[in-house]
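Asks: Fold the following for me, if possible:
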Amino acid sequence: MTGDGGKISEGRTRKGSYAAPALDKAFLIIELLANHPQGMLVSEMATALGRSLGELFRIVVVMEEARYLEKSPVDDRYRVTYKFLDIAYRATPARQLTAAALPEMQSLALNVGQSCHLVVIEGGAGLVIAREENPGTRGFALRMGASIDIVASCSGKVLLAFAAPAQLARILDRAEAAQGHAIDRDQLAEELARVRAQGHGLRKSPITRGVTDISYPVFGFGGDCIAALTVPFLETIDGSQKVSIPQATQILGETTARISQALGYRGDDAGGVTPASRG
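Replies: As a prediction, the model looks like this:
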């Protein structure tokens, strides 16, 4: 799929020989609109998908009636509704995770004077499922629902570093397929080993000047790493930030330990790392 408004290939890898053309079209519409948050006309969707206006219009109307899409009364453009987010939260562990994390994230943002965001693995990428903005006048934050590079980002490296080996291999396979190029797994393995040894990720942002990314793993019941909580620490020129980077790192580690404990992690679970030893 392309995110530049070009045609989207209908080719899908299937297991077995079952086909549901209408359902396929609905999925393609959703994926297309996900890359166009400003919305699209049905005619624009038809052009992008290489379909006729008539066959897409019927599906769009059904999706609108089911409240998965909404049409702007101003320009007739269709957009995806929050119903998808609601279902995703209720049908996945994200609801329990965010319920445990959000109060702690609010406290974290207040104590360190920085924004923070919670990232989970989605296919071969990272997905921001919650964020808390800096309560002050300045800040740097990722938007809710943002997709991040699982290999290059600080959050992604933390998620990969604490993933089980079999899960790690699957994630990297998906990331290579999505990115269209091979990943240097030997070099990545060295980087992940350093993150595991340190217990968290810490590095200057390769994209935004003045930002240092700090990220810790969040563990669930059974010891699996289920998320990464990250602070993109914005360092001001006049030094007016509330805490230093080392202080923010310590507070973030304590925060993720409490979230992990609220999710049932006890430190001696198989496959996990004791939160107290991570900072």
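Asks: and Ala48, that one's in a helix?
Replies: Yes. Judged by DSSP: H, G, I helix; E, B strand; the rest coil, Ala48 forms part of a helix.
Asks: surely it meets Met40?
Replies: Yes. Counting by CB atoms under 8 Å, Ala48 touches Met40, with 7.5 Å between them. Every residue, glycine included, has its C-beta placed from N, CA and C.
Asks: Low-confidence regions, the stretch 51-200 of the chain specifically.
Replies: Along the stretch 51-200 of the chain, the parts satisfying pLDDT under 70 run over 88-94, 136-140.
Asks: for it, what spans make up the helices?
Replies: 53-65, 83-91, 94-112, 154-161, 165-179, 185-198 (DSSP state H, counting those that start in this stretch).
Asks: mean confidence for stretch 215-235?
Replies: When pLDDT is averaged along stretch 215-235, the result is 92.
Asks: Could you pull out the buried residues of that stretch?
Replies: Neighbour-count burial for stretch 215-235, counted by 16 or more other CB atoms under 10 Å, picks out 215-220, 223-234.
Asks: In strands, which of those appear?
Replies: 215-219, 225-234 (DSSP state E).
Asks: so what sits against both of Ala48 and Met40?
Replies: When contacts are counted by CB atoms under 8 Å, 6 or more residues apart in numbering, Ala48 and Met40 are jointly contacted by Leu32.
Asks: just to revisit the earlier point, could you export the helices of the stretch 51-200 of the chain as CSV, including mean neighbour count and distance to Gly126?
Replies: Shown next, in CSV, are these (neighbours: other CB atoms under 10 Å; distance: least, CB to CB, whole Å):
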stretch, mean neighbour count, distance to Gly126
helix 53-65, 15, 27
helix 83-91, 13, 15
helix 94-112, 18, 13
helix 154-161, 27, 5
helix 165-179, 15, 10
helix 185-198, 13, 14
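Asks: So for Val128, which of those helices sits nearest?
Replies: helix 154-161 (8.4 Å; CB to CB).
Asks: about what we covered before: got the helices of the stretch 51-200 of the chain as TSV, with distance to Ala34 columns?
Replies: Below are the helices of the stretch 51-200 of the chain laid out as TSV (distance: least, CB to CB, whole Å):
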stretch	distance to Ala34
helix 53-65	13
helix 83-91	9
helix 94-112	17
helix 154-161	20
helix 165-179	14
helix 185-198	28
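Asks: out of those helices, nearest to Thr208?
Replies: helix 154-161 (11.7 Å).
Asks: For that closest one, which helices and strands make contact with it?
Replies: The elements that helix 154-161 packs onto, with contact taken as 3 or more CB pairs under 8 Å, 6 or more residues apart in numbering; DSSP states H and E, are strand 116-122, strand 125-132, helix 165-179, helix 185-198, strand 201-204, strand 211-219, strand 225-234.
Asks: how far out from the middle of the chain is the last one?
Replies: Pointing back at strand 225-234 there. For strand 225-234, the gap between its own C-alpha mean and the chain's C-alpha mean amounts to 11 Å (CA atoms, centre = their mean, to the nearest Å).
Asks: Then the first one?
Replies: Distance of strand 116-122 from the chain centroid (CA atoms, centre = their mean) equals 4 Å.
Asks: From Val211, how far out is Glu122?
Replies: 23 Å (CB to CB, to the nearest Å).
Asks: Neighbours of Ser205, how many?
Replies: Number of residues near Ser205 (other CB atoms under 10 Å) recorded here: 16.
Asks: That one contacts Ile214, doesn't it?
Replies: No. Judged on CB under 8 Å, Ser205 makes no contact with Ile214 at a distance of 10.5 Å.
Asks: who touches both of the two?
Replies: With CB under 8 Å, 6+ apart as the test, Ser205 and Ile214 both reach Cys154.
Asks: Could you single out the nearest of the ones in strands among the buried residues of stretch 215-235 to Arg77?
Replies: In terms of CB to CB, no member of those lies closer to Arg77 than Pro232, at 31.8 Å.
Asks: Give me the distance between the closest one and Phe221.
Replies: On the measure of CB to CB, Pro232 and Phe221 end up 29 Å apart.
Asks: give me phi/psi at Arg143?
Replies: phi -80, psi 150 (degrees, to the nearest 10).
Asks: so what's it closest to, chain neighbours aside?
Replies: Val128 (7.0 Å; CB to CB, 6 or more residues apart in numbering).
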